[in-house]
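My questions concern the predicted model and sequence given below.
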Amino acid sequence: GTDSLGRDVYSRIIHGSRIAMIVSFASIAVGTTIGLVVGVASGYFGGWVDGALQRIIEIMLAFPALILALALMAGFGAGRDKVVIALTVVYAPRTARVIRGSTLQVKGLTYVDAAQAIGASPVRIMFRHLLPNVMASYLVVASTLLGAAILTEASLSFLGLGVPPPAPSWGQMLSGTAQQIALTAPWTAVFPGLAITILVFGFNVFGDALRDVWDPKLRGR
């Protein structure tokens, strides 16, 4: 069917998938990469470096993801690039916390001590020995956060702080007149919501599958 302006809902959902995928992949790629570097550095150096970074991360984690994204978008203004920046800031500390835990586990292994004993630099140890061994956790976290990023972007667009019209964002398609005509034309609200649900569910299942493959404790179960 069509919406209140006569625009084809099916075509807008298909085109809106590009916005959801671009925003989610860009923000998660940048945010999780920043979180990866920060998490490895925090776990390896420890001491005051770890303490300072973790206090900053804890302050950011104290805010729910949507509330922090709303605050950032209120300052940045609406726009696709600004949504990417906001989601990057939101999800970078969540990745850093997980990667720090994985780094602390790897840091105590024998080959790291051997690298330190032969005089390898901290940068070489982090990027040559620690980073490859926490990539499994990084990939699982990134795939899991993709669904959360799509849901947050849709929520921002629904509230009018995401990608501005006339871009066919899924969240924006659920707001405005779609709420008013939902009883007489339910397809204007049902199908955009169904698209969000399917995509988020798909990425969550993909993240669980990666965890099962990469985690040796779960492998074979």
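Noted; the coordinates are in hand. Predicted model only: the values in this text are computed from it and were never measured. Numbering: from 1, shown residues only.

how distant is stretch 154-171 from the center of its chain?
Computed by C-alpha atoms, centre = their mean, to the nearest Å, the separation of stretch 154-171 from the middle of its chain amounts to 18 Å.

To clarify, my last question referred to stretch 185-203.
Taking C-alpha atoms, centre = their mean, one finds stretch 185-203 lying 19 Å from the centre of the chain it belongs to.

What of stretch 134-141?
13 Å.

again, but for stretch 109-125
32 Å.

can you pull the buried residues of that stretch?
Residues V112, A115, I125 are the ones in stretch 109-125 that count as buried (16 or more other C-beta atoms under 10 Å). (C-beta placed from N, C-alpha, C; glycine too.)

neighbouring contacts of that stretch?
Y44, F45, V106, R128, H129, L130 (C-beta atoms under 8 Å, 6 or more residues apart in numbering).

Helices - which of the buried residues of stretch 109-125 land there?
V112, A115 (DSSP state H).

Would you reformat the buried residues of stretch 109-125 as a markdown table and include pLDDT and distance to M60?
A markdown table is the format used below for the buried residues of stretch 109-125 (pLDDT from 0 to 100; distance: C-beta to C-beta, whole Å):
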| residue | pLDDT | distance to M60 |
| --- | --- | --- |
| V112 | 79 | 29 |
| A115 | 80 | 32 |
| I125 | 81 | 27 |
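
picking that back up, and the contacts of stretch 109-125, which two are the farthest apart?
In these, two members sit farther apart than any others by C-beta to C-beta. They are F45 and R128, at 16.0 Å.
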